[in-house]
Each structure stands twice: as C-alpha cells, then as structure tokens.
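Student: here is a sequence with its predicted model. Questions after.
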Amino acid sequence: MKAAVAIGGAGALSACLNRESPDLPQGPDDPAYSTRQHAWNDALARDEHGNHVPPRHHVVRLLDYQGEGTPTADERETVETALRSLERAYPRNHETDDGPAVGLLFTVGYAPAYFERFDADLPESVDLPDPEPLAPFENPAPDTPDVAIHFASDYGSVALAAEEALLGEREAVNGVEMDADVSELLADADLDDDGRTRRTGFVGDSLPAENQDVQGIPDSEPVPEDAPLYMGFDSGFEGSQATEDRVSIGDGPFAGGTTQHLSAIELSLGQWYEQDSRFHREATMFCPAHAENGRIEGTGENLGATNGVSECADDVESDAREKGTVGHAQKAASVRKDGMPRILRRDFDSTDGGRASVHFLALQSGIDEFVATREAMNGTDAASEGAVGQRANNGILQYMSVERRGNYLLPPREYRAFPEPRP
C-alpha cells in the first residue's frame, strides 16, 4: 500500500483497490462542513487515552496556477466545483468493524508566491512570510509553488483516487461523477533544486516497521513493530498539541483559516538505533528526567494523553549543564504560551526517493508561532552551556536534515478556491 501510494498513477491505484477493496459510503449531497479546512479532529478516531489518531496515508501535491494574470471568477468556480465533487464522493469518516475510519480529508493552501500576482497585499492578520532557514546549521531549499493540496485517508486507494480525480485522470470516484477537474488550471510546480512536487507518506502502528528497508535506517531493521513513526516513539499526544481553535486565524477576512508549514526532512538513524542506548533515546526524545525515572514503556503509549515534559520544560539549561543532554519535546514545551502548545502537528513519515524521511506538517495561527517553536528546538541556550553541542545531545537534531521548507495559507473553506488577498 505504501509503495503504491508513493508511486501514484492509475496502475498504483488499481493495485490499491485490489488489496483494499474499501466499501465506502458516499459523502453528503450538499456538504455543510466547518469553515475551517483544518477542522479534522471531529473526523478522527481517538485511542484509549483520548489522543486523536491521524489518517494512515498522505499525499501532498505542489502545483502552479497555469492561467495568465490573476484567476477569474469562472476558474474559481471550476476549482470549487471539483472540490465539492470529492466531498460528495467520500465521507470524512465512516464506521467499520474496527471502529471509525477516515474516508477523505483534504486541505488547499496557498504560498506567498501565489499572492504576489495580485496588486493588493495580504491583510496584517495573516502572517505568511517566504520560507527561510530557521537554524544556523541548515540550508533548506525554499518551496515556492502556488498551491499545496494535502490528501489524507485511512485508505491508500482513496488518497490516490482523490488525487487522480481532482487532476483530471478519473471521471468518477466512488460512484460519483466529477463535475469538474482542475488539470488545465493547475500543474506540477516548477521548484528549484529539483524539489519533489508529489510527496507521500504514512503514520500509524506497524507502517514504519513494514517500510524500513530504505536509506537512513540500519540494515538490522530496528524500528519497533508497533511504533507509529520511524524514531520508535509515539507522538501527537493530546496534551502536547495545540487545539484547532488555537491555530485558527482570529480576525480579518481569513478568520477561521490557518497557516501551514511543510518541511521535508531526511532521517539518518544509524547511530540512533545501533550506537545510542535506549536511555539516551528516551532522554533526547523526551527529557533526561523521563529516562532517569523510567517513565517510558515501549513506544510511550503508557504516557497516556500527555508526554509529561511540562514538568522538565524549565530545566533545559540546567540539564544541558549538569547532564549533558536535553530533550526534543522538553525544548518545544519550554516556549508554550499560557501553558499551551503553539502548533498542531500533522506530520508523517515517508520513503520518497528511497530514503527514510519526515514531511513535517504543522498548523499555527501565524508562521511566527512555528518559528518560535523551531527556535526553541534549536537549543541555542542549551548549547551555550558548553556541555551540549549545536546538534549533538541537543534533542534529536543530529539525526535530521531539513532539505526543504514551505509556508502556506489555508483560507476558510469559502475562500479555498483561488482566493484574492482581500476577499
């Protein structure tokens, strides 16, 4: 399934359908969904601790507008008609014998490059700068497409079919005719440095272990069988995620929308699994106190709905000085605002290009919130104590390389089709 989603196209979709054969109901005839495109949580299952369970399969397409000048009213109607066809074809979720499952969720986002074609500027209520390096030790290429569309489903075949239908490769999906396609309006973006315009991935128990025969993972296949991500620990604890309210833009014409940051990050986990001890992995992923006190069992599912690092968030500098190690989650928790996380993570692992990687997708009310969180993860203050390196023993920085960065505005649903900067 992972391989088929990564390959894409009609043949891959056929392979998915042969393996899955999902019996999905259709979506509502006149979808009346939330104005927030990013309001996914009500469609997601929850685990026994109340944590939202993310969709298992993901596809992101980076596209450029093919028209001259600025989009027309007819072109906006074409895009909106196609998107509503997808919403009629698939439910956001449905009940199965194993509980609720995601049918199809998607968002449509717009990069700063898209808005540059207009005379008017975005309102001050929208913080959407061009992407740039966010650490002294990184040099990512900027992603500058016009549009980013993120498809997510618990079924690889649904993510593929939605992608194919929207871009004109299928006339119908799940028994619903596509009333429009956007293939003449949107095409693969022209990215510098040969950036991938189609990015795929997965998240969920067993998927990383089943797909670890790639560069960046040791040949010993060390990823735990039940881990939802390549680094072997649970993530997305409810108490460590910003709420959808918190990441929504509060005022102005795009109120109810959000901003999205998307990074392409390569993983190098040879040392992580073959040289580092379990104690070290726990200390650098969470915090030294968690490792010392034996707080983490297996992948960390025993932690429940919170990773508990708020208890050690104030100890970043002292841990660096006295223990020579600081934790990734510990650093992120140190910049919470009013005790609440600033970003809502919806990242997923990937084998794009035959290499273990992460597409780090984060939602926040403004990109400045992501920048503040990322700056904390850099651990500059910890490194200044002398016992922690710029990357070594400084959270999980030494195992990751940021290759690309992109910023996007996810408008409210009513403006998701080729928005103007002052709608």
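Tutor: Here it is on my side, so go on. Residues are numbered from 1 along each chain as shown.

Student: for the stretch 101-250 of the chain, what spans make up the strands?
Tutor: Assigned by DSSP state E, counting those that start in this stretch, the strands in the stretch 101-250 of the chain fall at 105-110, 141-142, 147-153, 172-173, 176-177, 186-188, 198-202.

Student: tilt between the longest one and strand 198-202?
Tutor: With axes from the mean of the first three to the mean of the last three CA atoms, to 10 degrees defining the directions, strand 147-153 sits at 30 degrees from strand 198-202.

Student: give the pairing partners of strand 147-153; include direction for each.
Tutor: If you go by DSSP bridges, strand 147-153 pairs up with strand 57-65 (antiparallel), strand 105-110 (antiparallel).

Student: would you map the helices across the stretch 301-423 of the chain?
Tutor: 316-323, 328-333, 367-378, 380-384 (DSSP state H, counting those that start in this stretch).

Student: pick out the shakiest of the ones you listed, pLDDT-wise.
Tutor: For the helices of the stretch 301-423 of the chain, mean pLDDT drops lowest on helix 380-384, to a mean of 88.

Student: ok so, going back, ok, which of the helices of the stretch 301-423 of the chain comes nearest A152?
Tutor: Among the helices of the stretch 301-423 of the chain, helix 367-378 comes nearest to A152, with 19.8 Å by CB to CB. (Glycine included, C-beta is placed from N, CA and C.)

Student: tell me the gap between the closest one and the middle of its chain.
Tutor: Its chain's C-alpha centre and that of helix 367-378 lie 16 Å apart, by CA atoms, centre = their mean, to the nearest Å.

Student: report the buried residues of that helix.
Tutor: I367, E369, F370, V371, T373, R374, A376, M377, N378 (16 or more other CB atoms under 10 Å).

Student: what's the closest of these to S248?
Tutor: Nearest to S248 out of the buried residues of helix 367-378 is E369 (CB to CB; 11.7 Å).

Student: circling back: tabulate the helices of the stretch 301-423 of the chain in JSON lines, adding columns for distance to D194.
Tutor: JSON lines is the format used below for the helices of the stretch 301-423 of the chain (distance: least, CB to CB, whole Å):
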{"stretch": "helix 316-323", "distance to D194": "38"}
{"stretch": "helix 328-333", "distance to D194": "30"}
{"stretch": "helix 367-378", "distance to D194": "25"}
{"stretch": "helix 380-384", "distance to D194": "32"}
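
Student: which of those helices sits closest to N302?
Tutor: helix 328-333 (15.4 Å).

Student: residues making contact with that closest one?
Tutor: 240, 284-287, 307, 309-310, 312-313, 315-316, 319, 341, 373, 376-377, 379, 382, 395-397 (CB atoms under 8 Å, 6 or more residues apart in numbering).

Student: what about 6 Å?
Tutor: Residues outside helix 328-333 that contact it (CB atoms under 6 Å, 6 or more residues apart in numbering): 285-287, 307, 309-310, 312-313, 316, 373, 376-377, 379, 395-396.

Student: then stretch 27-40?
Tutor: Contacts of stretch 27-40 (CB under 6 Å, 6+ apart): 87-88, 90-91, 105, 107, 244, 256, 258, 363, 410, 412-413.

Student: endpoints of that stretch, how far apart?
Tutor: Length of stretch 27-40, first residue to last, CA to CA, to the nearest Å: 15 Å.

Student: picking up where we left off before, which of the contacts of stretch 27-40 sit farthest apart?
Tutor: Among the contacts of stretch 27-40, R88 and L363 lie farthest apart (CB to CB), at 25.6 Å.

Student: as a markdown table, the strands of the stretch 101-250 of the chain with distance to P55 and mean pLDDT would be great.
Tutor: Shown next, in a markdown table, are the strands of the stretch 101-250 of the chain (distance: least, CB to CB, whole Å; pLDDT from 0 to 100):
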| stretch | distance to P55 | mean pLDDT |
| --- | --- | --- |
| strand 105-110 | 6 | 98 |
| strand 141-142 | 27 | 96 |
| strand 147-153 | 4 | 98 |
| strand 172-173 | 17 | 95 |
| strand 176-177 | 20 | 96 |
| strand 186-188 | 23 | 97 |
| strand 198-202 | 9 | 97 |
